[in-house]
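Undergrad: Have a look at this fold, sequence not included:
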């Protein structure tokens, strides 16, 4: 019998089809650093029929909220998010790019009004999907490093 | 926007070509009123709040003049000192308060996006009078008005933007606006201060003719408008390098010998030494007229937004 590199999980979330090299950024979005209570499995540079190479992240005992899924979409638009309950895929979600990313990114322009002490959420408008271009609704600047801007 | 009544004016990108033309035509009708030759009291009883969180001479005074020429009133401040902002009040709270005191809010602020934020919190229309390095749409409209008035058209006009094209907000907004018309654009700047890639792409996407050069002599005999901007000393780490670059973009009579007869020289002002004073007396010099046009254009906007003109 072939030994599985990654065991199936009982309950939790499998984030598949992450572009190769982006798994650690997905972990960052999920706030997973060193201190975890359940098993987290990260597979990087896995052969994929669709993508040639991909990363996979499995997080046990945790289902992602829509805000987390939106954030993942910004750095891994090809990803799929599968919710696992009792070893079965209970929900299969393909992440989809919203028209606007609200409150999940910090504007990189230090002089933007959203970086002052104002009671507003940031709003980024998706001005192009491929390549992904996000423009701040307030200061009009295009975000250069999207992954670094995720809050 | 099919009607201007109650709309915010935050960025020139919010305007269509038809919107721009409507403002320009309305502004033309305002010229005799702005010069005090004709009376118009259509905004009597209306109040404009002028919130200048950053000092400005021309923009503030021309908004005040515009409102008063139309019979309206103005309240506000010319610098943040002494206001509740200095006590740490948020812009959002200041706007909520001012919203109740007036019919239209004009804001200049040092932070980009401040006008958009103000519009989010105000129920009354907000006009952006410059937000940091961001937008200054009324400047763009008065620039367009000056060209349109001077040459009788915008389509087909050949325009050279000269100087600091990288950091100058007026040339960025003007470029965006000019892409609505079939203009021939020339970007004249030292390589380190050329127009940002994004705007160059915007022009190319429209299939408009574009020439980029560092030498003003390449275009001087060919253009209808020279739009000159100041090259700021602080952009150069080496003062000698600055002196070298700034000197090559100085407009003087010798350079103008090769110019078209009806060339218009424009400048958003203040100028330092990019246009020699000897040019002021020539028919080419339109920069003071351009500043005066600010009143008619702002009258047009106020009138359209507050329902004085339909």
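TA: Nice, thanks for sending it over. Note that the coordinates shown come from a computational prediction; the quantities given were computed from them, not determined experimentally.
Undergrad: Please tell me the pLDDT value assigned to whichever residue of the stretch 101-250 of chain B sits closest to chain A.
TA: At 2.7 Å from chain A, residue B:113 is the closest residue in the stretch 101-250 of chain B, using C-beta to the nearest C-beta. C-beta coordinates here come from the backbone N, C-alpha and C atoms, glycine included. Model confidence at residue B:113, given as pLDDT, is 96.
Undergrad: got a list of what it touches?
TA: Residues near residue B:113 by C-beta atoms under 8 Å, 6 or more residues apart in numbering or on different chains: A:112-114, A:136-140, B:131-132, B:134.
Undergrad: do residue A:38 as well
TA: Counting by C-beta under 8 Å, 6+ apart, residue A:38 touches A:12, A:59-62.
Undergrad: Kindly report the same for residue A:58.
TA: By C-beta under 8 Å, 6+ apart, the contact set of residue A:58 is A:6, A:9, A:12-15, A:39-42.
Undergrad: For chain A, what lies in contact range of chain B?
TA: Within chain A, the positions near chain B by C-beta under 8 Å from any C-beta of the partner chain are A:109, A:111-114, A:116-120, A:136-142.
Undergrad: Recalculate using a threshold of 10 Å.
TA: Residues of chain A lying close to chain B (C-beta under 10 Å from any C-beta of the partner chain) are A:107, A:109-120, A:122-123, A:133, A:135-142.
Undergrad: just checking, what's the longest helix in chain A?
TA: In chain A, taking DSSP state H as the definition, the longest helix is helix A:66-75.
Undergrad: follow-up on the earlier one: any chance of the contacts of residue A:58 in CSV, plus pLDDT?
TA: Listed next are those as CSV, based on pLDDT from 0 to 100:
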residue, pLDDT
A:6, 70
A:9, 91
A:12, 95
A:13, 96
A:14, 96
A:15, 96
A:39, 93
A:40, 94
A:41, 94
A:42, 94
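Undergrad: Could I have the buried ones of these as PyMOL selection syntax?
TA: In PyMOL, this line selects whichever of the contacts of residue A:58 come out buried by 16 or more other C-beta atoms under 10 Å in any protein chain shown:
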select buried, chain A and resi 9+12+13+14+15+40+42
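Undergrad: could the contacts of residue A:58 go into a markdown table alongside distance to residue B:192 and secondary structure?
TA: Listed next are the contacts of residue A:58 as a markdown table, based on distance: C-beta to C-beta, whole Å; DSSP: H, G, I helix; E, B strand; the rest coil:
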| residue | distance to residue B:192 | secondary structure |
| --- | --- | --- |
| A:6 | 52 | coil |
| A:9 | 55 | coil |
| A:12 | 53 | strand |
| A:13 | 49 | strand |
| A:14 | 50 | strand |
| A:15 | 44 | strand |
| A:39 | 53 | coil |
| A:40 | 47 | strand |
| A:41 | 49 | strand |
| A:42 | 44 | strand |
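Undergrad: tell me the secondary structure for the residue in chain A that chain B sits nearest to?
TA: Closest to chain B within chain A is residue A:138: 2.7 Å, counting by C-beta to the nearest C-beta. The local conformation at residue A:138, judged by DSSP: H, G, I helix; E, B strand; the rest coil, is coil.
Undergrad: Read off the pLDDT value for it.
TA: 96.
Undergrad: Then residue B:244?
TA: pLDDT, read off for residue B:244, is 78.
Undergrad: Contacts only, for it.
TA: B:190, B:236, B:238 (C-beta atoms under 10 Å, 6 or more residues apart in numbering or on different chains).
Undergrad: Can you give me the neighbour number for residue 21?
TA: Reading this off chain A. 12 (other C-beta atoms under 10 Å in any protein chain shown).
Undergrad: meant chain B, my bad for not saying
TA: 16.
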